[in-house]
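In: what's the 3D shape of this:
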Amino acid sequence: MFGGTGALGTTIGASLTKIGSRCIYPYRAMASVYDTRMRELKTTADLGYKHFLRLNDMTSEKECNFAMQSSNVVISAVGSRIWRKKESDFEEANIRVPMAIAKACKNNHNVKRFIYISAAGADPNS
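Out: Numbers count the residues shown, from 1 in each chain. Okay, the predicted model is just below:
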């Protein structure tokens, strides 16, 4: 689950581990396991397992492929917190990172389903 440190990712991850799934949370280098968001994620595991995997560059297909090498479903919820600082961060969080994840899913024969959740095109007046 890419982008699992957000509110939506925490809820989805808790639901998946409740049914006994194993969740892998790749995170960026700017966060750490001792961050408050990671501590909150650790307590949501019920029957399944949660693993945290640090990636240096989430736009790299090679690193994304390494993160999903044993996964059959990949969920991407990247983009909610990262882009609020600069315009280039918006492009990275909503275009480059999901593109790298999608290409890595395409090249990985274990991945059967790729689920992408984004609010980048949502209407702010809805």
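In: I'd guess residue 103 is in a strand, am I close?
Out: No: following the definition DSSP: H, G, I helix; E, B strand; the rest coil, residue 103 is helix and is not counted among the residues of a strand.
In: contacting residues around it?
Out: Counting by Cβ atoms under 8 Å, 6 or more residues apart in numbering, residue 103 touches 61, 64. C-beta: built from backbone N, CA, C; applies to glycine.
In: Please determine how far it is located from residue 94.
Out: 16 Å (Cβ to Cβ, to the nearest Å).
In: how about the strands in this protein?
Out: Counting by DSSP state E, the chain has strands at residues 22-27, 49-54, 73-76, 113-116.
In: export those strands to a markdown table and tack on mean neighbour count?
Out: Compiled in a markdown table, the strands of the chain are given as follows (neighbours: other Cβ atoms under 10 Å):
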| stretch | mean neighbour count |
| --- | --- |
| strand 22-27 | 20 |
| strand 49-54 | 15 |
| strand 73-76 | 21 |
| strand 113-116 | 14 |
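In: Leaving out chain neighbours, which residue sits closest to residue 1?
Out: Closest residue in space to residue 1, ignoring its immediate chain neighbours: residue 75 at 4.7 Å, by Cβ to Cβ, 6 or more residues apart in numbering.
In: So the one you found is in contact with residue 117, correct?
Out: Yes: checked against Cβ atoms under 8 Å, the pair residue 75 and residue 117 is within contact range at 7.1 Å.
In: Tell me where this protein has helices.
Out: When assigned using DSSP state H, the helices of the chain occupy the ranges 7-18, 36-42, 61-67, 87-91, 97-107.
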